[in-house]
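**Student:** Sequence and predicted structure below; questions after.
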Amino acid sequence: MPLDQPASLHRSPPPQADAVKSSSPRTHDQPLAWHILTCEYPPQTGGVSDYTYAVAAGLAAKGDEVHVWCPDCPGPQPQAEGVIVHRELGAFRPSDLRRAGRQLDQYPAPRRILMQWVPHGYGYRSMNLAFCGWLWARATRHRDRVEVMAHEVYHSFRAGLHRQNIAALMHRLMSILLLNASDRVWVSIPAWERRWRPYRLGRAIPFEWLPVPSNIAVVDLPERALAIRRRYVGDGVFLIGHFGTFGPPIASLLDPLLVALAAEPVSQSVLLMGRGSEEYRQVMIRKHPGMAGWLQAAGPLGAQDLSSHIAACDVLIQPYPDGVSSRRGSLMAGLSHGKPIVTTVGSLTEDCWAAAGVVPLAQVGNVNQFVGFVDALRAQPAERERLGRAAQNFYRERFDVQHVITALRAAAWKPVGEGIRLA
(Lines give C-alpha, C1' and ligand atoms only; values in the text may rest on other atoms or scores of the structure.)
Protein backbone atom coordinates (compact mmCIF):
# COMPACT_ATOMS: atom_id res chain seq x y z
CA MET A 1 0.00 0.00 0.00
CA PRO A 2 1.80 3.17 -1.10
CA LEU A 3 1.98 5.84 1.59
CA ASP A 4 3.69 8.54 -0.39
CA GLN A 5 3.77 9.54 -4.03
CA PRO A 6 6.82 10.85 -5.92
CA ALA A 7 7.10 14.62 -6.18
CA SER A 8 7.71 16.52 -9.40
CA LEU A 9 11.51 16.65 -9.14
CA HIS A 10 13.02 13.73 -11.05
CA ARG A 11 16.31 12.21 -12.09
CA SER A 12 16.99 9.45 -14.55
CA PRO A 13 16.80 6.12 -12.73
CA PRO A 14 19.88 3.87 -12.78
CA PRO A 15 19.65 0.61 -14.70
CA GLN A 16 17.88 -2.23 -12.92
CA ALA A 17 20.08 -4.75 -11.15
CA ASP A 18 18.50 -7.55 -13.12
CA ALA A 19 18.07 -5.80 -16.46
CA VAL A 20 18.52 -7.89 -19.60
CA LYS A 21 18.53 -6.86 -23.21
CA SER A 22 15.47 -8.49 -24.63
CA SER A 23 12.59 -7.49 -26.85
CA SER A 24 10.20 -9.64 -24.84
CA PRO A 25 8.48 -8.11 -21.80
CA ARG A 26 9.67 -9.22 -18.38
CA THR A 27 7.38 -10.85 -15.88
CA HIS A 28 7.32 -10.88 -12.10
CA ASP A 29 8.09 -14.61 -12.20
CA GLN A 30 11.63 -14.04 -13.44
CA PRO A 31 14.41 -14.47 -10.86
CA LEU A 32 15.93 -11.44 -9.14
CA ALA A 33 19.18 -10.90 -7.27
CA TRP A 34 19.07 -9.60 -3.70
CA HIS A 35 21.72 -8.48 -1.23
CA ILE A 36 20.07 -8.31 2.19
CA LEU A 37 22.07 -6.31 4.70
CA THR A 38 21.19 -6.89 8.35
CA CYS A 39 22.51 -6.25 11.85
CA GLU A 40 21.54 -9.73 13.04
CA TYR A 41 20.90 -13.14 11.52
CA PRO A 42 20.46 -16.63 13.01
CA PRO A 43 21.85 -18.07 15.20
CA GLN A 44 21.66 -14.57 16.67
CA THR A 45 18.36 -14.12 18.48
CA GLY A 46 16.02 -11.23 17.89
CA GLY A 47 13.09 -10.07 15.84
CA VAL A 48 15.20 -8.63 13.02
CA SER A 49 17.18 -11.89 12.85
CA ASP A 50 14.05 -14.02 12.54
CA TYR A 51 12.47 -11.61 10.06
CA THR A 52 15.54 -11.53 7.82
CA TYR A 53 15.77 -15.31 7.79
CA ALA A 54 12.11 -15.67 6.82
CA VAL A 55 12.35 -13.06 4.05
CA ALA A 56 15.59 -14.48 2.64
CA ALA A 57 14.15 -18.00 2.60
CA GLY A 58 10.93 -16.77 1.02
CA LEU A 59 12.71 -14.92 -1.78
CA ALA A 60 14.99 -17.89 -2.45
CA ALA A 61 11.94 -20.18 -2.62
CA LYS A 62 10.74 -18.04 -5.54
CA GLY A 63 13.96 -18.83 -7.38
CA ASP A 64 15.73 -15.55 -6.60
CA GLU A 65 19.44 -15.29 -5.92
CA VAL A 66 19.72 -14.20 -2.28
CA HIS A 67 22.82 -13.02 -0.43
CA VAL A 68 22.67 -12.08 3.26
CA TRP A 69 25.39 -9.79 4.62
CA CYS A 70 25.62 -9.82 8.42
CA PRO A 71 28.00 -9.95 11.41
CA ASP A 72 29.64 -13.17 12.47
CA CYS A 73 28.00 -15.26 15.19
CA PRO A 74 29.10 -18.53 16.78
CA GLY A 75 26.77 -21.49 16.81
CA PRO A 76 24.94 -23.64 14.27
CA GLN A 77 23.51 -21.66 11.39
CA PRO A 78 20.07 -22.69 10.11
CA GLN A 79 20.14 -23.53 6.45
CA ALA A 80 17.79 -22.02 3.90
CA GLU A 81 18.05 -23.45 0.42
CA GLY A 82 19.27 -20.90 -2.08
CA VAL A 83 20.46 -18.36 0.55
CA ILE A 84 24.18 -17.48 0.63
CA VAL A 85 25.29 -15.97 3.94
CA HIS A 86 28.29 -13.60 4.07
CA ARG A 87 29.37 -12.93 7.66
CA GLU A 88 31.61 -10.03 6.72
CA LEU A 89 30.18 -7.03 8.56
CA GLY A 90 32.07 -7.57 11.82
CA ALA A 91 31.33 -4.74 14.27
CA PHE A 92 30.39 -2.36 11.43
CA ARG A 93 33.72 -0.57 11.72
CA PRO A 94 34.98 1.34 8.65
CA SER A 95 37.45 -1.47 7.95
CA ASP A 96 34.62 -4.04 8.10
CA LEU A 97 32.53 -1.97 5.71
CA ARG A 98 35.41 -1.53 3.26
CA ARG A 99 35.99 -5.30 3.25
CA ALA A 100 32.30 -6.03 2.69
CA GLY A 101 32.16 -3.37 -0.02
CA ARG A 102 35.02 -4.98 -1.94
CA GLN A 103 33.20 -8.29 -1.84
CA LEU A 104 29.91 -6.72 -2.90
CA ASP A 105 31.70 -5.23 -5.89
CA GLN A 106 32.40 -8.76 -7.16
CA TYR A 107 28.72 -9.12 -8.02
CA PRO A 108 27.07 -7.60 -11.11
CA ALA A 109 26.23 -3.92 -10.76
CA PRO A 110 24.01 -2.26 -9.90
CA ARG A 111 23.21 -4.48 -6.92
CA ARG A 112 19.83 -4.46 -5.17
CA ILE A 113 20.52 -3.92 -1.45
CA LEU A 114 17.68 -4.50 1.00
CA MET A 115 18.81 -3.08 4.35
CA GLN A 116 17.09 -3.94 7.64
CA TRP A 117 17.12 -0.78 9.76
CA VAL A 118 16.91 -0.45 13.51
CA PRO A 119 18.98 2.46 14.83
CA HIS A 120 20.48 0.50 17.73
CA GLY A 121 21.55 -2.47 15.61
CA TYR A 122 24.71 -1.23 13.89
CA GLY A 123 27.12 -0.63 16.73
CA TYR A 124 28.81 2.50 18.07
CA ARG A 125 26.13 2.84 20.75
CA SER A 126 23.49 3.26 18.03
CA MET A 127 25.34 6.25 16.54
CA ASN A 128 27.17 4.69 13.58
CA LEU A 129 27.07 7.61 11.20
CA ALA A 130 29.91 6.03 9.19
CA PHE A 131 27.74 3.02 8.38
CA CYS A 132 25.00 5.25 6.96
CA GLY A 133 27.62 7.18 4.98
CA TRP A 134 28.92 3.89 3.57
CA LEU A 135 25.43 2.91 2.43
CA TRP A 136 24.95 6.35 0.89
CA ALA A 137 28.23 5.86 -1.01
CA ARG A 138 26.99 2.48 -2.27
CA ALA A 139 24.06 4.31 -3.87
CA THR A 140 25.82 7.42 -5.18
CA ARG A 141 29.21 6.09 -6.24
CA HIS A 142 28.55 2.43 -6.96
CA ARG A 143 25.04 3.11 -8.28
CA ASP A 144 23.52 0.31 -6.24
CA ARG A 145 19.78 0.29 -5.75
CA VAL A 146 19.16 0.60 -2.01
CA GLU A 147 15.88 -0.21 -0.30
CA VAL A 148 15.48 0.27 3.45
CA MET A 149 13.13 -1.76 5.63
CA ALA A 150 12.53 0.42 8.70
CA HIS A 151 11.60 -1.72 11.69
CA GLU A 152 12.12 1.41 13.82
CA VAL A 153 13.33 4.89 12.89
CA TYR A 154 14.92 6.89 15.72
CA HIS A 155 14.88 7.53 19.45
CA SER A 156 12.76 10.34 20.83
CA PHE A 157 14.19 13.37 22.60
CA ARG A 158 13.60 13.20 26.35
CA ALA A 159 13.92 16.09 28.77
CA GLY A 160 16.91 15.67 31.08
CA LEU A 161 18.32 12.59 29.36
CA HIS A 162 21.39 14.08 27.68
CA ARG A 163 22.91 10.81 26.44
CA GLN A 164 19.64 9.74 24.81
CA ASN A 165 19.20 13.19 23.29
CA ILE A 166 22.64 13.00 21.69
CA ALA A 167 21.70 9.61 20.25
CA ALA A 168 18.33 11.00 19.09
CA LEU A 169 20.12 13.81 17.24
CA MET A 170 22.56 11.39 15.63
CA HIS A 171 19.68 9.16 14.56
CA ARG A 172 18.19 12.07 12.66
CA LEU A 173 21.47 12.75 10.89
CA MET A 174 21.67 9.06 10.06
CA SER A 175 18.10 9.22 8.75
CA ILE A 176 19.06 11.97 6.32
CA LEU A 177 21.88 9.84 4.91
CA LEU A 178 19.73 6.69 4.72
CA LEU A 179 16.87 8.43 2.97
CA ASN A 180 19.24 10.04 0.50
CA ALA A 181 20.72 6.60 -0.19
CA SER A 182 17.35 4.93 -0.69
CA ASP A 183 15.31 4.38 -3.81
CA ARG A 184 12.45 2.89 -1.80
CA VAL A 185 11.55 2.73 1.88
CA TRP A 186 9.52 0.01 3.53
CA VAL A 187 8.03 0.70 6.95
CA SER A 188 6.76 -1.77 9.52
CA ILE A 189 4.02 0.69 10.53
CA PRO A 190 2.65 3.77 8.72
CA ALA A 191 3.71 6.05 11.61
CA TRP A 192 7.36 5.60 10.64
CA GLU A 193 6.69 7.12 7.23
CA ARG A 194 5.19 10.21 8.86
CA ARG A 195 8.18 10.54 11.18
CA TRP A 196 10.79 10.03 8.48
CA ARG A 197 9.19 12.21 5.79
CA PRO A 198 10.86 15.49 6.86
CA TYR A 199 14.31 13.92 6.53
CA ARG A 200 13.95 13.20 2.81
CA LEU A 201 15.00 16.82 2.17
CA GLY A 202 12.71 16.99 -0.84
CA ARG A 203 13.68 13.67 -2.45
CA ALA A 204 10.77 11.85 -4.03
CA ILE A 205 11.02 8.43 -2.39
CA PRO A 206 8.15 5.95 -2.42
CA PHE A 207 7.22 4.65 1.02
CA GLU A 208 5.27 1.43 1.42
CA TRP A 209 3.81 -0.30 4.45
CA LEU A 210 5.25 -3.79 4.97
CA PRO A 211 3.89 -5.34 8.19
CA VAL A 212 6.11 -7.73 10.13
CA PRO A 213 4.81 -11.34 10.06
CA SER A 214 4.98 -13.86 12.88
CA ASN A 215 8.31 -15.62 13.28
CA ILE A 216 6.69 -18.58 15.06
CA ALA A 217 5.39 -21.23 12.65
CA VAL A 218 2.17 -22.88 13.74
CA VAL A 219 2.71 -26.45 14.96
CA ASP A 220 -0.62 -28.25 14.74
CA LEU A 221 -0.20 -30.87 17.49
CA PRO A 222 -3.25 -30.67 19.78
CA GLU A 223 -2.08 -33.54 21.99
CA ARG A 224 1.21 -31.80 22.65
CA ALA A 225 -0.56 -28.53 23.48
CA LEU A 226 -2.85 -30.40 25.88
CA ALA A 227 0.11 -32.04 27.62
CA ILE A 228 1.77 -28.65 28.05
CA ARG A 229 -1.43 -27.19 29.44
CA ARG A 230 -1.67 -29.97 32.04
CA ARG A 231 1.92 -29.26 33.05
CA TYR A 232 0.85 -25.84 34.32
CA VAL A 233 -2.83 -26.05 35.29
CA GLY A 234 -5.46 -28.60 36.20
CA ASP A 235 -8.70 -29.32 34.38
CA GLY A 236 -11.18 -26.48 34.35
CA VAL A 237 -8.61 -23.75 35.01
CA PHE A 238 -8.70 -20.80 32.62
CA LEU A 239 -5.17 -20.29 31.24
CA ILE A 240 -4.12 -16.76 30.30
CA GLY A 241 -0.88 -16.40 28.33
CA HIS A 242 1.54 -13.57 27.65
CA PHE A 243 4.39 -13.80 25.13
CA GLY A 244 7.19 -11.24 25.08
CA THR A 245 10.62 -10.25 26.32
CA PHE A 246 9.43 -8.45 29.49
CA GLY A 247 11.28 -5.19 29.01
CA PRO A 248 10.41 -2.26 31.30
CA PRO A 249 7.89 -0.47 28.99
CA ILE A 250 5.63 -3.53 28.65
CA ALA A 251 6.33 -4.82 32.16
CA SER A 252 5.04 -1.53 33.56
CA LEU A 253 1.69 -2.25 31.89
CA LEU A 254 1.71 -5.95 32.70
CA ASP A 255 2.34 -5.49 36.44
CA PRO A 256 -1.04 -3.91 37.36
CA LEU A 257 -2.91 -6.26 35.02
CA LEU A 258 -1.49 -9.31 36.77
CA VAL A 259 -2.25 -7.85 40.20
CA ALA A 260 -5.86 -7.22 39.16
CA LEU A 261 -6.27 -10.67 37.60
CA ALA A 262 -4.73 -12.42 40.62
CA ALA A 263 -7.26 -10.73 42.90
CA GLU A 264 -10.25 -12.18 41.04
CA PRO A 265 -12.09 -15.03 42.82
CA VAL A 266 -12.09 -17.32 39.78
CA SER A 267 -10.17 -20.41 38.71
CA GLN A 268 -7.51 -19.03 36.40
CA SER A 269 -3.73 -18.86 36.01
CA VAL A 270 -1.21 -16.92 33.92
CA LEU A 271 1.57 -18.45 31.82
CA LEU A 272 4.49 -16.19 30.84
CA MET A 273 6.39 -17.19 27.70
CA GLY A 274 9.62 -15.94 26.21
CA ARG A 275 13.08 -14.75 27.11
CA GLY A 276 13.04 -13.01 30.49
CA SER A 277 9.79 -14.62 31.66
CA GLU A 278 11.38 -16.55 34.53
CA GLU A 279 13.21 -13.50 35.83
CA TYR A 280 10.08 -11.39 35.57
CA ARG A 281 8.07 -14.01 37.48
CA GLN A 282 10.60 -13.95 40.30
CA VAL A 283 10.34 -10.17 40.53
CA MET A 284 6.55 -10.33 40.70
CA ILE A 285 6.58 -13.07 43.34
CA ARG A 286 8.95 -11.04 45.52
CA LYS A 287 6.49 -8.16 45.33
CA HIS A 288 3.38 -10.35 45.60
CA PRO A 289 4.17 -13.69 47.32
CA GLY A 290 0.60 -14.87 46.86
CA MET A 291 1.21 -15.18 43.12
CA ALA A 292 3.71 -18.03 43.57
CA GLY A 293 1.30 -20.83 42.66
CA TRP A 294 -0.74 -18.72 40.23
CA LEU A 295 1.89 -17.17 37.98
CA GLN A 296 3.85 -19.62 35.79
CA ALA A 297 6.84 -19.03 33.51
CA ALA A 298 8.02 -21.18 30.61
CA GLY A 299 11.28 -19.31 30.00
CA PRO A 300 12.91 -19.04 26.56
CA LEU A 301 11.52 -21.65 24.16
CA GLY A 302 12.37 -23.02 20.75
CA ALA A 303 9.94 -22.18 17.98
CA GLN A 304 8.09 -25.51 18.08
CA ASP A 305 7.75 -25.51 21.87
CA LEU A 306 6.61 -21.90 21.84
CA SER A 307 3.95 -22.69 19.23
CA SER A 308 2.56 -25.46 21.43
CA HIS A 309 2.66 -23.25 24.53
CA ILE A 310 0.70 -20.52 22.74
CA ALA A 311 -1.80 -23.14 21.55
CA ALA A 312 -2.24 -24.32 25.15
CA CYS A 313 -3.60 -20.95 26.30
CA ASP A 314 -7.26 -19.93 26.33
CA VAL A 315 -6.53 -16.25 25.73
CA LEU A 316 -3.48 -14.01 25.36
CA ILE A 317 -2.95 -10.64 27.02
CA GLN A 318 -0.59 -8.42 25.01
CA PRO A 319 -0.46 -4.82 26.28
CA TYR A 320 1.81 -2.35 24.42
CA PRO A 321 2.67 1.17 25.64
CA ASP A 322 2.17 2.70 22.19
CA GLY A 323 -0.71 0.38 21.29
CA VAL A 324 -1.01 -2.65 19.08
CA SER A 325 0.63 -2.28 15.67
CA SER A 326 1.84 -4.39 12.79
CA ARG A 327 5.46 -4.26 14.02
CA ARG A 328 4.64 -6.36 17.11
CA GLY A 329 5.83 -9.89 16.36
CA SER A 330 4.47 -11.22 19.66
CA LEU A 331 0.98 -10.08 18.66
CA MET A 332 1.41 -11.59 15.18
CA ALA A 333 2.32 -14.93 16.75
CA GLY A 334 -0.96 -14.99 18.65
CA LEU A 335 -2.96 -14.02 15.57
CA SER A 336 -1.35 -16.70 13.41
CA HIS A 337 -2.19 -19.31 16.06
CA GLY A 338 -5.84 -18.31 16.09
CA LYS A 339 -5.84 -17.11 19.71
CA PRO A 340 -8.27 -14.56 21.13
CA ILE A 341 -6.09 -11.63 22.22
CA VAL A 342 -6.76 -8.67 24.47
CA THR A 343 -4.43 -5.77 23.68
CA THR A 344 -4.18 -1.98 23.81
CA VAL A 345 -4.89 0.90 21.46
CA GLY A 346 -2.38 3.75 21.43
CA SER A 347 -0.47 6.32 19.41
CA LEU A 348 0.99 3.83 16.90
CA THR A 349 -2.13 1.71 16.39
CA GLU A 350 -3.24 1.47 12.75
CA ASP A 351 -6.87 1.97 11.78
CA CYS A 352 -7.18 -1.60 10.54
CA TRP A 353 -7.38 -3.06 14.06
CA ALA A 354 -10.57 -1.30 15.06
CA ALA A 355 -12.04 -1.76 11.59
CA ALA A 356 -11.41 -5.51 11.58
CA GLY A 357 -12.71 -6.05 15.11
CA VAL A 358 -10.52 -9.11 15.65
CA VAL A 359 -8.98 -8.08 18.99
CA PRO A 360 -10.58 -6.32 21.99
CA LEU A 361 -8.81 -2.95 22.35
CA ALA A 362 -8.36 -1.37 25.76
CA GLN A 363 -6.92 2.10 26.27
CA VAL A 364 -3.29 2.03 27.40
CA GLY A 365 -3.21 2.08 31.19
CA ASN A 366 -6.94 1.35 31.66
CA VAL A 367 -6.63 -1.73 33.85
CA ASN A 368 -10.36 -2.10 34.54
CA GLN A 369 -11.24 -2.01 30.85
CA PHE A 370 -8.51 -4.50 29.97
CA VAL A 371 -9.45 -6.95 32.73
CA GLY A 372 -13.11 -6.56 31.81
CA PHE A 373 -12.35 -7.83 28.31
CA VAL A 374 -10.50 -10.83 29.77
CA ASP A 375 -13.41 -11.58 32.11
CA ALA A 376 -15.89 -11.42 29.23
CA LEU A 377 -13.86 -13.87 27.16
CA ARG A 378 -13.48 -16.25 30.08
CA ALA A 379 -17.27 -16.33 30.43
CA GLN A 380 -17.97 -16.76 26.69
CA PRO A 381 -16.27 -19.78 25.08
CA ALA A 382 -18.18 -19.23 21.82
CA GLU A 383 -16.88 -15.68 21.56
CA ARG A 384 -13.33 -16.90 22.20
CA GLU A 385 -13.69 -19.36 19.36
CA ARG A 386 -15.13 -16.71 17.03
CA LEU A 387 -12.38 -14.22 17.79
CA GLY A 388 -9.71 -16.90 17.35
CA ARG A 389 -10.98 -17.80 13.88
CA ALA A 390 -11.28 -14.14 12.92
CA ALA A 391 -7.75 -13.43 14.16
CA GLN A 392 -6.25 -16.27 12.15
CA ASN A 393 -8.13 -15.27 8.99
CA PHE A 394 -7.08 -11.64 9.43
CA TYR A 395 -3.46 -12.72 9.77
CA ARG A 396 -3.57 -14.87 6.64
CA GLU A 397 -5.22 -12.13 4.61
CA ARG A 398 -2.97 -9.26 5.73
CA PHE A 399 0.23 -10.31 7.46
CA ASP A 400 1.48 -13.73 6.32
CA VAL A 401 5.12 -13.70 5.18
CA GLN A 402 4.03 -14.46 1.62
CA HIS A 403 2.54 -10.96 1.45
CA VAL A 404 6.01 -9.60 2.25
CA ILE A 405 7.63 -11.66 -0.50
CA THR A 406 4.99 -10.67 -3.05
CA ALA A 407 5.31 -6.97 -2.21
CA LEU A 408 9.12 -6.97 -2.40
CA ARG A 409 9.21 -8.77 -5.74
CA ALA A 410 6.42 -6.67 -7.24
CA ALA A 411 8.18 -3.46 -6.25
CA ALA A 412 11.37 -4.66 -7.92
CA TRP A 413 9.74 -4.02 -11.28
CA LYS A 414 8.59 -0.49 -10.45
CA PRO A 415 10.67 2.61 -11.27
CA VAL A 416 13.18 3.50 -8.59
CA GLY A 417 13.04 6.69 -6.55
CA GLU A 418 13.69 9.69 -8.77
CA GLY A 419 14.52 12.51 -6.37
CA ILE A 420 17.87 14.32 -6.51
CA ARG A 421 20.39 12.92 -4.02
CA LEU A 422 22.73 14.97 -1.85
CA ALA A 423 25.91 15.70 -3.73
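**Tutor:** Thanks, I have it.
**Student:** Count the neighbours of Leu37 for me.
**Tutor:** Leu37: 25 surrounding residues under other Cβ atoms under 10 Å. From N, CA and C alone the C-beta is placed, and that goes for glycine too.
**Student:** meant to ask about His35
**Tutor:** As a burial measure, His35 scores 24 neighbours (other Cβ under 10 Å).
**Student:** Please name the bridge partners of it.
**Tutor:** Counting by DSSP bridges, His35 is bridged to His67, Ile113.
**Student:** OK, contacts around it?
**Tutor:** Listed by Cβ atoms under 8 Å, 6 or more residues apart in numbering, the contact set of His35 reads His67, Trp69, Leu104, Tyr107, Arg111, Arg112, Ile113, Leu114.
**Student:** and if we set it to 10 Å?
**Tutor:** His35 makes contact with 17, 65-69, 84, 86, 100, 104, 107, 111-115, 138, 144-146 under the criterion Cβ atoms under 10 Å, 6 or more residues apart in numbering.
**Student:** With Ala298 instead?
**Tutor:** Contacts for Ala298 were tallied using Cβ under 10 Å, 6+ apart; they are 228, 231-232, 241, 243, 271-274, 277-278, 281, 305-306, 309, 312.
**Student:** Among those residues, name the buried ones.
**Tutor:** 228, 232, 241, 243, 271-274, 277, 281, 305-306, 309, 312 (16 or more other Cβ atoms under 10 Å).
**Student:** Which residue ranges of the stretch 301-423 of the chain form strands?
**Tutor:** 315-318, 341-345, 361-363 (DSSP state E, counting those that start in this stretch).
**Student:** Now do the longest helix seen in the chain: which elements does it pack against?
**Tutor:** The longest helix of the chain (DSSP state H) is helix 162-181. Using 3 or more Cβ pairs under 10 Å, 6 or more residues apart in numbering; DSSP states H and E, the elements in contact with helix 162-181 are strand 112-117, helix 129-140, strand 145-150, helix 190-196.
**Student:** Leu361: which of these is closest?
**Tutor:** helix 190-196 (16.7 Å; Cβ to Cβ).
**Student:** Give me the next element, helix or strand, following that closest one.
**Tutor:** With elements assigned by DSSP states H and E, the helix or strand that comes after helix 190-196 is strand 207-209.
**Student:** what's in contact with that following strand?
**Tutor:** Here strand 207-209 makes contact (Cβ under 10 Å, 6+ apart) with 1-5, 147-148, 150, 179, 182, 184-190, 192-194, 196-197, 200, 326, 350, 407-408, 410-411, 414, 417.
**Student:** Which members of those residues are classed as buried?
**Tutor:** Using 16+ other Cβ under 10 Å, the buried ones in the contacts of strand 207-209 are 4, 147-148, 150, 179, 182, 184-190, 192-193, 196, 200, 326, 350, 407-408, 411, 417.
**Student:** circling back: now the longest helix of the chain and strand 145-150, what's the angle there?
**Tutor:** If you take axes from the mean of the first three to the mean of the last three Cα atoms, to 10 degrees, helix 162-181 sits at 150 degrees to strand 145-150.
**Student:** Show me this protein divided up by domain.
**Tutor:** 33-212+402-411, 222-399 (automatic domain parsing).
**Student:** my guess is Gly58 meets Ile36, correct?
**Tutor:** No - applying Cβ atoms under 10 Å, one finds Gly58 not in contact with Ile36, separated by 11.2 Å.
**Student:** one step back: indicate which one of the helices and strands packed on helix 162-181 is closest to Gly357.
**Tutor:** Comparing these by Cβ to Cβ, helix 190-196 comes nearest, at 19.5 Å.
**Student:** Go ahead and name everything in contact with that closest one.
**Tutor:** Against helix 190-196 from outside (Cβ under 10 Å, 6+ apart): 1-4, 117, 148, 150-154, 156, 172, 175-176, 178-179, 182, 185-187, 189, 205, 207-209, 211, 322, 325-327, 347-352.
**Student:** what does stretch 389-397 give?
**Tutor:** 211, 213-214, 218, 316, 331-341, 352-353, 356-359, 402-403.
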